[in-house]
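> Next come a sequence and a model predicted from it.
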Amino acid sequence: MAIWSPLQDALQERLDVDLLTSIYGSVSLSAGEIRRELEAEGLVYHDPTSGQSPELFELDRSAESLITRSRSRAGYIGAAGAFAGAAGVPPELVASLVHLLRLGQRLAVVYGLDPESEAGQLALRRALAAA
């Protein structure tokens, strides 16, 4: 019985480091994609390379628009999971996590963080952990 505890700890460590990192990379949106998406929707965002900074209330308005849209999508994800019953829980959980990650990335870009940079990823991970 004592052998299972170290194996379980090793497996958990492996999942935390390798699996989450590979999933993060495969479902993430690039900052360029997000900027094009925001521009297509007419939403304001802070681009640190432009030298111009929109007012905070404008950024907040863009963020609120993204959050409102995200709520609708989350409702659809939940409804699809409920329709599938117990078998829908694992896919719904994955879809919800991907949805949350992408919302976080979009919000990071709105406020001038690059989710592809080390600092942006750290801020995003801290925000997701707090959520």
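Thanks, I have it.
> use CA for all of it now, contacts and neighbours both
Noted.
> Find the centremost residue of this structure, please.
The centre of the chain sits closest to residue 101, judged by C-alpha atoms, centre = their mean, with a distance of 1.2 Å.
> pLDDT score assigned to that one?
Note for residue 101: predicted pLDDT of 86.
> wait, doesn't it sit right on residue 127?
No. Between residue 101 and residue 127 there is no contact under C-alpha atoms under 8 Å: 9.8 Å.
> following the helix or strand containing the residue nearest to the centre of the chain, which helix or strand shows up next?
Assigned by DSSP states H and E, residue 101 falls within helix 89-110. Following helix 89-110 in sequence order, the next helix or strand is helix 118-130 (DSSP H and E).
> Tell me which residues are up against that next one.
100, 101, 104, 105, 108, 113, 114, 115 (C-alpha atoms under 8 Å, 6 or more residues apart in numbering).
> Now do the third one against residue 113, distance only.
The reference is to residue 104. According to C-alpha to C-alpha, to the nearest Å, residue 104 and residue 113 sit 11 Å apart.
> what does residue 100 give?
17 Å.
> likewise residue 124?
Distance from residue 124 to residue 113, by C-alpha to C-alpha: 9 Å.
> Over to residue 101?
Per C-alpha to C-alpha, residue 101 is found 14 Å from residue 113.
> same deal with residue 7?
According to C-alpha to C-alpha, residue 7 and residue 113 sit 38 Å apart.
> One more: residue 6?
Residue 6 sits 39 Å away from residue 113, going by C-alpha to C-alpha.
> More neighbours: which of the two?
Taking neighbours as other C-alpha atoms under 10 Å, residue 6 and residue 113 compare with residue 113 leading, 21 against 10.
> shouldn't residue 28 be in contact with residue 102?
Yes. Applying C-alpha under 8 Å as the test, residue 28 and residue 102 come out as touching, 6.6 Å apart.
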